[in-house]
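Enquirer: task: produce atomic coordinates for the following.
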Amino acid sequence: MSTVPREYDEAVDWLADRIAAWTADPTALGLSVEEVTALSASLSEASTSRGTAFQLRIDSKDATVEYHQRAGDMQSLTRQAVAKIRAFAKGSPTPGAVYSAASIPPPADRTPSAAPGMPEQFVLSLRPDGALVFRFRCTNPANAAVTYKVERRAGAQGPFEFLENAKKREFTDENPPVNSGILVYKVTAQTSTKDGVAAILMVQFGSNNQATIVSQGPEVTGQAG
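Expert: Predicted structure coming up:
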């Protein structure tokens, strides 16, 4: 391990603690007066430079804080100016010329939101109380707020009856009419503006009222009944 510390600050402090004794009688330490004088001068220069560097770091932090404050003020004023330019361009007979003169882009055309996906890969489970529990998958646009409209009819033909708007990729039919033999469900993913392709699944009841999904897929023309 080195006697003189590796870190600069520690080395400066280490010599500062000893320079007075070394200067008092250098020959007793095997040093010359010239060597101790040079050490003392070097210590003074290093101490002065350390103080300058420390102050510059403080000044740099202060300058950075001031810069961020001033740049933030400028950014806010610039945004206000751009908003006024856009408002002026909107009411102008030649908005393109206003945007060109200001060197800012005109508003981008809004991209129509994509429709939600189609429910698929349904899995059915039967609760002891006779309720049917359905779980499924559905791939939707990112960040889309989607609900699932669930409808049901007894038999292969006839109108659908609304059951619920499910908020998750699952729903429960609490009172399925098991005596019908066949139940058809229509599940449609919906956003506030668009519907996805509806899924149609057919459930058949067998002995002991066991329920099985016998078919599932997209709704086709004339299938809605």
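Enquirer: what sits against Leu124?
Expert: 132-134, 203, 211-213 (C-beta atoms under 8 Å, 6 or more residues apart in numbering). In this view, the C-beta of every residue, glycine as well, is placed from N, C-alpha and C.
Enquirer: just the buried ones from these?
Expert: 132, 134, 203, 211 (16 or more other C-beta atoms under 10 Å).
Enquirer: and the nearest residue to the first one once chain neighbours are set aside, how far from Ser76?
Expert: It stands for Leu132. Once flanking residues are discounted, Leu132 sits nearest to Asp173: 4.3 Å by C-beta to C-beta, 6 or more residues apart in numbering. Distance, Asp173 to Ser76, by C-beta to C-beta, to the nearest Å: 56 Å.
Enquirer: which residue ranges of the chain form helices?
Expert: 8-16, 19-24, 33-90, 95-102 (DSSP state H).
Enquirer: could you dump those into CSV with mean pLDDT added?
Expert: Formatted as CSV, those follow (pLDDT from 0 to 100):
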stretch, mean pLDDT
helix 8-16, 90
helix 19-24, 92
helix 33-90, 91
helix 95-102, 91
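Enquirer: which one of these lies nearest to Pro177?
Expert: Closest to Pro177 of the helices of the chain is helix 33-90 (C-beta to C-beta; 57.7 Å).
Enquirer: quick one: that closest one to helix 8-16, angle?
Expert: Relative orientation of helix 33-90 versus helix 8-16 (axes from the mean of the first three to the mean of the last three C-alpha atoms, to 10 degrees): 150 degrees.
Enquirer: helix 33-90 packs against which elements?
Expert: If contacts are counted by 3 or more C-beta pairs under 8 Å, 6 or more residues apart in numbering; DSSP states H and E, helix 33-90 sits against helix 8-16, helix 19-24, helix 95-102.
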